[in-house]
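[1] this one's structure only:
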């Protein structure tokens, strides 16, 4: 009887210690819906309108950049010639002119940088708005097609 008790205790211990197959829930196979957001962002009606406005903003920025750059380039060349004529030792008036040029150059760079940031924010906002409206459509299509995962074309 002690033998049986020891055998039963050993069996119970082995059952408790040895890993057993967990009764895991069977997961359904992945059914993937592929979404081409880049195409959507370039072809949808609202996207085309938004993209044309964003392009107009970009062109306006480029025009402004060129407008600011032209006189700065002319002034830079004139200053370089004046410094060369002064033998590399500019007088106080020329140093003031150089300082004014640098200030104007920094102001122009700052203006262009701010406008670039505004355009980048506008692009991000447009993409966010479109994505918010696109999400329910993607969900509907996933349900209609039996998909349980949506993935970007670029990620595949």
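    That came through, no problem. These figures come from a predicted structure and were not determined experimentally. Residues are numbered from 1 along each chain as shown.

[2] Scan the chain for its longest helix.
    Longest helix in the chain, counting residues (DSSP state H): helix 92-145.

[3] what packs against it?
    In terms of contacts (3 or more C-beta pairs under 8 Å, 6 or more residues apart in numbering; DSSP states H and E), helix 92-145 is packed against strand 32-35, helix 37-43, helix 45-85. In short, each C-beta sits where N, CA and C put it, glycine included.

[4] Which residues are in contact with the most centrally placed residue in the chain?
    What sits nearest the mean C-alpha location of the chain, by C-alpha atoms, centre = their mean, is residue 124, with 7.9 Å. Residues near residue 124 by C-beta atoms under 8 Å, 6 or more residues apart in numbering: none.

[5] when you give positions from now on, start the count at 15
    In the new count, where the first residue is 15, that last one comes out as residue 138.

[6] contacting residues for the closest residue in space to residue 152 that isn't next to it in sequence?
    Spatial nearest neighbour of residue 152, chain neighbours left out: residue 164 (5.4 Å); criterion: C-beta to C-beta, 6 or more residues apart in numbering. When contacts are counted by C-beta under 8 Å, 6+ apart, residue 164 touches 46-49, 152, 156.

[7] out of the residues you listed, which is most surrounded?
    For the contacts of residue 164, the largest number of neighbours (other C-beta atoms under 10 Å) sits with residue 49, at 19 neighbours.
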